[in-house]
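In: Show me how the following folds:
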Amino acid sequence: DQIKIALKNLKKRKLRAFLTLLGILIAVATIFTLISLSLGLESAIKEQFRLLGADKFFIQPRGQLAGPGTGGAVELTEKDVNIVEKVSGVKQVSFWTAGNAKIEFNDETRYTVVVGIDLETSDLFTETSAYEAEEGRLLREGDLGNIMIGSQYKHNNFFKKPVQAGDKIIINGMEFKVKGILEPIGNPSDDRLIYMPLEDFRPLFDIPERVDSIVVQVNDADNLKEVAESVRRKLVKARGLTEKTRDFSILTPEELLASFEIVLNIITGFLLGVAAISLLVGGIGIANTMYTSVLERTKEIGIMKSIGAKNIDILSIFLIESALLGLIGGLAGVLIGALVGKTIEYIGVHQLGTNLLTVSMPAYLILGCLLFALLAGAISGTLPAYHASKVIPVEALRYE
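Out: Below is the predicted model:
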């Protein structure tokens, strides 16, 4: 009976009920969209680290303010690579160097980043980034004068005419043949990269020794931290440094993942704080509506009490109304949040060429949002419901 009465009262005031649940709807939709995108991003990052494997770590110079390929006050060199190769426990070492280049194709000119890779250890390089050839094949030892390119040259109109395997591209005035086109990685900046043999790269960019990043694979993944520590000590000694003046960083998969998660948590926390403001506004809207409803139905409350309704019955009716407002707003919010999330995912995958903007909508997220909305509605209506239950029947019957 209490549920029937609550539903009847909401139907009688459809417009007011709709305007009231808008606040909850917006808050839940915002929270659902943000968390689903956050979970999707976390899953995509963890998948990349799974592909990377637990037997590799990275060495990079400190001080590259604009990222690898820009150079800086601190530089690693191939001498450092030779030192790392000799450390006990190291299975294989690969490295790369990057530079900004002018590229020309079909009478069009663009500017992008070109990466020089050591073809002798290119298998480790391609394994680390999980590269696969969509067309043609990956670079291998002896492929001088050839390049492999990211997927955007074929699929995302980087040039007006799609580039195909076998085409010629001019880089800094020198012609190279496209040996392979990579499958999309999901990051637009990575999908625009061009890769060439280090032997071609160094004279073309006039970078004789610099190394931007070193990838180290160990014999036993269980000893990764110990090997990384040995490499750190060897490089510090070889470069004539101390721990205070150390000018390079060693990053293990756990450290990289932890860094991503910290940044992700900060962003998510900030955005959820914004969403909480919407929820507060929605809660105030429900409380205001329920107070108005108590005033409008004072005489009705008096009649119910005069024919035997108890305080707990009146309290339950108003609590059910406010909880239903929250639940309906939550349902609508989850549906709209899912729609917005899928729209963002579609734009990310098909327009921006990234799989980092995917959404994840586990059952616990949906149920959690609905429960959250239900509780928000019930809590917002608690005080008005309590006031309704305390109405004195004689005074209520006289109320106009």
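In: Can you report how many residues lie near Val178?
Out: Val178 has 22 neighbouring residues, counting by other Cβ atoms under 10 Å. The C-beta positions use only the backbone N, C-alpha and C, and glycine is treated the same way.
In: Give me the three-state assignment for it.
Out: Following DSSP: H, G, I helix; E, B strand; the rest coil, Val178 is assigned to strand.
In: same question, Leu34
Out: helix.
In: So it versus Pro203, what's the distance?
Out: 49 Å (Cβ to Cβ, to the nearest Å).
In: who's more crowded, those two?
Out: Ranked by neighbour count (other Cβ under 10 Å), Leu34 and Pro203 place Leu34 first, with 20 against 10.
In: From Asn311, how far off is the more buried one?
Out: 41 Å.
In: Also Arg233?
Out: Going from Arg233 to Asn311 by Cβ to Cβ gives 75 Å.
In: And Arg210, by the same measure?
Out: Going from Arg210 to Asn311 by Cβ to Cβ gives 80 Å.
In: Between the two, which has more neighbouring residues?
Out: Neighbour tally, Arg210 and Asn311, criterion other Cβ under 10 Å: the higher count belongs to Arg210, 19 against 13.
In: Got the phi and psi for the more buried one?
Out: Phi and psi for Arg210, reported as degrees, to the nearest 10, are phi -60, psi 140.
In: Could you do Ala130 as well?
Out: Dihedral angles of Ala130 (phi, psi; degrees, to the nearest 10) stand at phi 50, psi 40.
In: Also Ile286?
Out: Dihedral angles (degrees, to the nearest 10) for Ile286: phi -70, psi -40.
In: quick one, what contacts Ile366?
Out: By Cβ atoms under 8 Å, 6 or more residues apart in numbering, the contact list for Ile366 reads 32, 334.
In: Low-confidence stretches in the stretch 51-200 of the chain?
Out: Applying pLDDT under 70 to the stretch 51-200 of the chain flags residues 51-53, 63-73.
In: At which residues are the helices of it located?
Out: 78-85, 122-128, 152-155, 198-205 (DSSP state H, counting those that start in this stretch).
In: roughly how far is the second one from the heart of the chain?
Out: How far helix 122-128 lies from its chain's middle: 25 Å, per Cα atoms, centre = their mean, to the nearest Å.
In: Same question for the third one.
Out: The gap between where helix 152-155 is centred and where its chain is centred comes out at 23 Å by Cα atoms, centre = their mean.
In: residues in contact with that helix?
Out: With Cβ under 8 Å, 6+ apart, helix 152-155 has contacts from 134-135, 158-159, 162-164, 181, 184, 188, 191-192, 353.
In: one more time with 7 Å, if that's ok
Out: 158-159, 162-163, 181, 188, 191-192, 353 (Cβ atoms under 7 Å, 6 or more residues apart in numbering).
In: could those residues go into a markdown table alongside neighbour count and distance to Phe18?
Out: Below are those laid out as a markdown table (neighbours: other Cβ atoms under 10 Å; distance: Cβ to Cβ, whole Å):
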| residue | neighbour count | distance to Phe18 |
| --- | --- | --- |
| Phe158 | 20 | 47 |
| Phe159 | 20 | 51 |
| Pro162 | 15 | 49 |
| Val163 | 21 | 53 |
| Ile181 | 23 | 52 |
| Pro188 | 17 | 41 |
| Asp191 | 23 | 45 |
| Arg192 | 18 | 47 |
| Gly353 | 21 | 40 |
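In: Return the member of those residues nearest to Leu272.
Out: Distance to Leu272, by Cβ to Cβ, is smallest for Pro188 among these, at 26.7 Å.
In: what's that closest one sitting at in phi/psi?
Out: phi -50, psi -40.
In: ok, so what distance separates it from Gly145?
Out: 28 Å.
In: just Ile328 next, same as before
Out: 66 Å.
In: cool, and Phe158?
Out: On the measure of Cβ to Cβ, Phe158 and Gly145 end up 22 Å apart.
In: In the stretch 51-200 of the chain, what residue spans correspond to strands?
Out: 56-61, 76-77, 90-105, 108-117, 133-136, 146-149, 168-171, 174-182, 194-197 (DSSP state E, counting those that start in this stretch).
In: I'd guessed Ile169 sits against Phe176; true?
Out: Yes. Counting by Cβ atoms under 7 Å, Phe176 is a contact partner of Ile169 at 5.6 Å.
In: When these two are compared, which one has more neighbours?
Out: Counted by other Cβ under 10 Å, Ile169 and Phe176 do not tie: Phe176 has more neighbours, with 23 against 20.
In: Do I have it right that the more buried one meets Asp167?
Out: No. Using Cβ under 7 Å, Phe176 is not in contact with Asp167; the gap is 9.8 Å.
In: Now the common contact residues for these two.
Out: Between them, Phe176 and Asp167 share no contacting residue, judged by Cβ under 7 Å, 6+ apart.
In: residues contacting Ala287?
Out: Here Ala287 is in contact with 380-381, 383-384 (Cβ under 7 Å, 6+ apart).
In: Now pLDDT too, for the residues you listed, in TSV please.
Out: Formatted as TSV, the contacts of Ala287 follow (pLDDT from 0 to 100):
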residue	pLDDT
Ser380	73
Gly381	71
Leu383	74
Pro384	70
